[in-house]
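K.L.:
output the structure for:
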Amino acid sequence: MQNGGPRRQASPPRPSLMVGDLAQCRLAFERLQRQCADLLQGTADRITWEDLVPRFRALRESLLSNNAPLPFFTEALEASSDTCLRAGSFPEFLKSVQQLVLVSYPALAAEDQIRTHLQSLRVSANGNSSSASPSARPSVPDDIRASMLQRWPEFAGAFLLYFVCIPAVPESMDLAALLRRLPHSLQRCPDVSYAVEAHRAMTQQGGLAFLQLHSRGTWMQQAIMLPRLQQMQQRAVATFGSAYRTLSAEAALGLLCMRGASTERLLALLKSCAEQGMLPAQRALSAAQMADHHAQQLLVFHA
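P.N.:
Sure, this is the predicted structure:
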């Protein structure tokens with residue numbers, strides 16, 4: 001007992017969740033990769049992807065238990081992060097991507113630096129590169145090792161974006177602290193800059209900046225931003241009254257990142273905004289409800 005209560009400790013993984021030894025982990029990962037590839041070929045929904053999430057969790061725990069080789073563990077974490085995000089399982093996504101960005105990628109980069117340094121020392125000692133011993137060559141070819149680190153910027157940006165969009169109240173201090181934990185070379189890469197820009201957009205009164213950012217995001221960025229999308233759409237609607245007297249439904253759908261959606265969906269959004277007391281939405285909704293279907297294609301914010 002400490003401070004008047006029991007000290008909480010993480011429970012070890014249940015044996016039933018473990019995949020097995022390293023050979024069994026490799027087989028399990030190959031099966032998961034085939035399933036993911038099949039799902040990507042079709043139009044799988046979140047529920048279908050959700051079935052894979054506990055299996056990837058079991059694989060991650062088993063790889064940790066087996067002290068799996070870093071390249072294999074990194075590849076599994078990448079696939080796990082992708083799958084958890086497609087399933088909308090943000091807690092499991094965070095577990096995967098945090099290990100990936102803060103542990104696995106830095107360890108791979110450090111191994112690469114050490115091997116390169118040792119090889120250069122041996123080459124210098126022998127006078128030329130041709131006399132370097134086979135042991136001086138990396139155990140993993142340079143092109144393969146480089147490809148292992150290729151998604152580091154993408155996942156670093158996704159990791160930061162998680163803390164912008166998923167917590168109930170994003171904290172600037174938390175984001176700044178996480179940013180400082182990244183290598184300097186990553187801190188200004190496009191994916192990380194996108195997350196910082198999203199945080200800036202979240203703090204603005206209107207939601208249009210966030211929605212414009214969402215519209216040009218990758219599938220991964222858009223998936224992380226999805227839980228905030230309706231909130232930002234509602235913020236944007238609140239600004240329409242001061243910005244427009246009238247606005248076509250098509251233009252409104254474009255501004256709200258709802259291209260291709262029906263007028264009914266737009267009216268449903270206006271209704272949710274009106275119920276929150278937003279005067280522009282109340283005016284537009286009232287005018288739309290009194291108009292015929294053709295006239296509903298024009299939103300009237302001021303008579």
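
K.L.:
next, the distance between the ends of stretch 283-302.
P.N.:
In stretch 283-302, first residue to last residue: 7 Å (CA to CA, to the nearest Å).

K.L.:
now do that stretch: distance to the chain's middle.
P.N.:
Computed by CA atoms, centre = their mean, to the nearest Å, the separation of stretch 283-302 from the middle of its chain amounts to 37 Å.

K.L.:
check stretch 104-114 too.
P.N.:
Taking CA atoms, centre = their mean, one finds the center of stretch 104-114 at 23 Å from the center of the full chain.

K.L.:
got a list of contacts for that stretch?
P.N.:
The contact list for stretch 104-114 (CB atoms under 8 Å, 6 or more residues apart in numbering) reads 70-71, 73-74, 77, 138, 145, 148-149, 152, 155-156, 183. Bear in mind the C-beta positions are built from the backbone N, C-alpha and C, glycine included.

K.L.:
same question for stretch 165-173.
P.N.:
With contact meaning CB under 8 Å, 6+ apart, stretch 165-173 is reached by 90, 94, 163-164, 198-199, 202, 224-225, 227-228.

K.L.:
cool, and stretch 214-221?
P.N.:
For stretch 214-221, contacts defined as CB under 8 Å, 6+ apart pick out 82, 85, 154, 157-158, 161, 191, 194, 198, 222, 225, 229, 232, 257.

K.L.:
for it, buried residues please.
P.N.:
The neighbour-count check on stretch 214-221 (16 or more other CB atoms under 10 Å) flags 214, 217, 220-221 as buried.

K.L.:
same check on stretch 27-41?
P.N.:
Across stretch 27-41, burial judged by 16+ other CB under 10 Å covers 28-29, 32, 35-36, 39.

K.L.:
and after the helix or strand of the chain with the lowest mean pLDDT, which helix or strand comes next?
P.N.:
Using mean pLDDT, DSSP states H and E, helix 142-148 stands out as the lowest-scoring helix or strand of the chain, at a mean of 58. Sequence order places helix 152-165 as the next helix or strand after helix 142-148, per DSSP states H and E.

K.L.:
dump that next one to CSV, restricted to CA.
P.N.:
Extracted C-alpha coordinates of helix 152-165, given in CSV (Å, rounded to 0.1, in the frame of the first residue of the first chain):
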residue,chain,number,x,y,z
TRP,A,152,9.1,6.8,-39.7
PRO,A,153,8.0,10.4,-40.7
GLU,A,154,4.5,9.2,-41.6
PHE,A,155,4.0,7.4,-38.3
ALA,A,156,5.7,10.2,-36.3
GLY,A,157,3.1,12.6,-37.8
ALA,A,158,0.3,10.2,-37.1
PHE,A,159,1.5,9.8,-33.5
LEU,A,160,1.4,13.6,-32.9
LEU,A,161,-1.9,13.9,-34.8
TYR,A,162,-3.4,11.4,-32.4
PHE,A,163,-2.8,13.7,-29.4
VAL,A,164,-4.3,16.6,-31.4
CYS,A,165,-7.5,14.9,-32.4
